[in-house]
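Peer 1: Pasted the sequence and its predicted model underneath.
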Amino acid sequence: MKPIISHGLISLLLLPTLILTSPTPSFELPTCGAILCLPNGEFKGCKPSQLTCLCRLGLPDTQEFVRATKPCLDREKKAQRFCTAGALEQYQRLLDDLVERLEGGFRCGARV
């Protein structure tokens, strides 16, 4: 009998926790061109690929980052030049998960 949840799906579900609790804040994600949606390619000193840096900005700033990048990627179709539709969806899901965790009181860098 095959498992209902694949190892790949389990890895995808655990990825935000692993990234946000990583002792090395330099881990960078593929962002599907989100860097092009921001002046100078950064948001308050954080690159779109540095999820830990974005998390440490706090909830209001992280929400502002998501509001700035998600519509830009969808509207401008920038993501199509840099990654697949699935990869874009995964990146946007990670951003949504980050906001949800911060709303729930998650502290960046804390072990879960």
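Peer 2: Good, I have the coordinates.

Peer 1: Setting aside sequence neighbours, what's the nearest residue to Cys72?
Peer 2: In this structure, Cys72 finds its nearest non-sequential neighbour in Cys37, 3.6 Å apart by C-beta to C-beta, 6 or more residues apart in numbering. Where C-beta positions appear, they are placed from N, C-alpha and C, glycine not excepted.

Peer 1: quick one, what contacts Arg107?
Peer 2: If you count contacts by C-beta atoms under 8 Å, 6 or more residues apart in numbering, Arg107 has none.

Peer 1: Phi and psi next, for it.
Peer 2: Main-chain dihedrals, Arg107, degrees, to the nearest 10: phi -110, psi 130.

Peer 1: could you check the distance from it over to Arg56?
Peer 2: To Arg56, Arg107 is 9 Å away according to C-beta to C-beta, to the nearest Å.

Peer 1: And Gly109, by the same measure?
Peer 2: 7 Å.

Peer 1: Give me the more crowded residue out of the two.
Peer 2: Arg56 (17 against 12; other C-beta atoms under 10 Å).

Peer 1: Would you mind measuring from that one to Lys47?
Peer 2: Distance check for Arg56 against Lys47: by C-beta to C-beta, it reads 13 Å.

Peer 1: go on, Asp97?
Peer 2: 18 Å.

Peer 1: Not counting stretch 91-102 itself, show me its contacts.
Peer 2: Taking C-beta under 8 Å, 6+ apart as the rule, stretch 91-102 contacts 15-16, 19-20, 29-32, 34, 51, 54-55, 58-59, 62-63, 65-66, 69-70, 73, 83.

Peer 1: the helices in this structure, which residues?
Peer 2: For the chain, the helices defined by DSSP state H occupy 7-20, 51-56, 59-76, 79-82, 85-103.
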